[in-house]
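J.: generate coordinates for the sequence data below:
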Amino acid sequence: QERPRDAQGEPGQEAPPLPQPAAPPPARPPPQTAPQERPLEALKEERPRRSISGRSEDVAKVLRETHPLDLAALVDEQLEGSGVVLTPQEQRYKTMLERWETDLYPTMSDRNRRLVQDIRRMGAMEASAAMSAVDKNARCVQFRREGRYADAIAMGLEAHRAMTRMFGSGHPHTTLVQYDLALNYEAIGDLEEALVRLNNCITIWRATQGDTTLDVARAQGSAGNLYARLGRLSEAEACMRESLRARRELLGEVHYEVAEVYNNLGMAVDRKGEHQEARRLYEQCLSVAEQCRRDEGFNVSYLLHVARFNLGNTLNLLGESDQALVVLNECLGARLAEQGPRHPDVGAAYSLLGVVLGN
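T.: Model (predicted):
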């Protein structure tokens, strides 16, 4: 075999490298043009999308050490010009913080105000966890209003577990979540489970707040309605009478909630066959409801329809058909005016009128 040769032909030497081609001349730069102004929205779209967790250490420190109830404004300040775009979860959390400060707190019940005050006293990390639990419960309530009962129960159970970790199972704040869970179980027809949870709420609130509070009174009223639906009428009457006593003491004689309990109690004793007592309660409901203001957020008109319908039925059972017709015609006229001729409640009023006229 032939060995490699050097440039002079001697064996055993490496051949010299071949000459490299010359580099091409540099490309001529394109002609300069004046920069065009870009719309602000287009520039925002081109900014890098980064999570809030990927921001600088000083921003992370602010977010870690600031109490969440003070955080919404600081987040806005830190986002200004930073190029950071919030993830959907972070945006939902920021919206929750803003809602707490601007919308919820000014209209909160005393019970929820106490919760906010307790969260104020926590450290930043604990408060953030507590507010996350409260937000889960708020979403549970929203799902129930939308008719998404399975989602509402799943979210409510998450909220209850989280609140139990934060405050303990017997704490009033945890009990509030359990109360909302009871309403969800009632909505899907699981009345026994709803009743168990409501009675737990009553026991805890009595132990922590006393017997005569609105929390206890409202839970007793709800429990009374469940007992009635289960056919346990004596227990229903006992719960409702105690609820009525507390609400009259706390809210006064003229209040929508007082009128509502009069009507519900009338329905319970009516089913027991105590028609004269039911008549008295329905008439008391109408007297109170007609004095309530229509602009307080309660559906006073609907309560008046229901009470007149119930009273008309009871008067018919008592043999007072002429008076029953007067009351039911008032009920029908109001329902036609407010609900229209094709509403199921209008059909029910026509049906009961037919029964009374047949008698």
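J.: burial count for residue 135?
T.: Under the neighbour criterion other C-beta atoms under 10 Å, residue 135 is assigned a count of 20. Backbone N, C-alpha and C define where each C-beta goes, glycine included.
J.: which of the three states applies to it?
T.: Three states are possible here, and by DSSP: H, G, I helix; E, B strand; the rest coil the one that applies to residue 135 is helix.
J.: low pLDDT regions in the stretch 251-359 of the chain?
T.: Applying pLDDT under 70 to the stretch 251-359 of the chain flags the ranges 294-298.
J.: so which residues of it form helices?
T.: 256-271, 275-289, 300-317, 321-339, 344-358 (DSSP state H, counting those that start in this stretch).
J.: what does the first one contact?
T.: By that I understand helix 256-271. Under the criterion C-beta atoms under 8 Å, 6 or more residues apart in numbering, residues 218, 221, 224-225, 228, 233, 236-237, 240-241, 243-244, 247-248, 251-252, 277-282, 284-286, 288-289, 292, 296, 298, 300, 303, 306-307, 310, 313-314 lie in contact with helix 256-271.
J.: of these, select the buried ones using a PyMOL command.
T.: When burial is assessed using 16 or more other C-beta atoms under 10 Å, the buried subset of the contacts of helix 256-271 is captured in PyMOL by this command:
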select buried, resi 218+221+224+225+228+233+236+237+240+241+243+244+247+248+277+278+279+281+282+284+285+286+288+289+292+298+300+303+306+307+310+313+314
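J.: chain neighbours aside, what residue packs nearest to residue 308?
T.: The spatially closest residue to residue 308, leaving aside those adjacent along the chain, is residue 331, at 3.9 Å (C-beta to C-beta, 6 or more residues apart in numbering).
J.: for residue 234, same thing?
T.: The spatial neighbour of residue 234 that comes closest, neighbours along the chain excluded (C-beta to C-beta, 6+ apart), is residue 272 at 7.8 Å.
J.: how about the one you found, what does it touch?
T.: 233-234, 237.
J.: what stretches of the stretch 101-250 of the chain score poorly on pLDDT?
T.: 101-125, 127.
J.: try it again with 90
T.: Along the stretch 101-250 of the chain, the model assigns pLDDT under 90 to residues 101-146, 159, 162-177, 180, 205, 207-215.
J.: show me the helices in it, by range?
T.: According to DSSP H, counting those that start in this stretch, the stretch 101-250 of the chain carries its helices in the segments 105-107, 110-120, 124-145, 149-167, 172-187, 191-209, 214-229, 233-251.
J.: got those helices as a markdown table, with distance to residue 346 columns?
T.: As requested, the helices of the stretch 101-250 of the chain are arranged in a markdown table below (distance: least, C-beta to C-beta, whole Å):
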| stretch | distance to residue 346 |
| --- | --- |
| helix 105-107 | 34 |
| helix 110-120 | 38 |
| helix 124-145 | 25 |
| helix 149-167 | 28 |
| helix 172-187 | 25 |
| helix 191-209 | 29 |
| helix 214-229 | 24 |
| helix 233-251 | 28 |
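J.: of all the ones you listed, which one comes closest to residue 337?
T.: Distances from residue 337 to each of the helices of the stretch 101-250 of the chain were compared using C-beta to C-beta; the shortest belongs to helix 124-145, at 26.5 Å.
J.: residue 267: neighbouring residues, count only.
T.: Per other C-beta under 10 Å, the neighbour tally for residue 267 reads 21.
J.: again but with residue 322, I slipped
T.: 8.
J.: for residue 355, see how far away it is.
T.: 14 Å (C-beta to C-beta, to the nearest Å).
J.: which residues does residue 325 contact?
T.: Listed by C-beta under 8 Å, 6+ apart, the contact set of residue 325 reads 312, 353, 356-357.
J.: quick check: it vs residue 184, distance?
T.: Using C-beta to C-beta, residue 325 is found at 41 Å from residue 184.
J.: surely the residue nearest to residue 308 meets residue 312?
T.: Yes - using C-beta atoms under 8 Å, residue 331 is in contact with residue 312, at 6.3 Å.
J.: more neighbours: those two, which one.
T.: Legend: neighbour count by other C-beta under 10 Å for residue 331 and residue 312, higher for residue 312 (28 against 25).
J.: please name the nearest non-neighbouring residue to the more buried one.
T.: With C-beta to C-beta, 6+ apart, the residue lying closest to residue 312 is residue 328, at 3.8 Å.
J.: which residues does that neighbour contact?
T.: Residue 328 makes contacts with 308-309, 312, 349, 352-353, 356, as judged by C-beta under 8 Å, 6+ apart.
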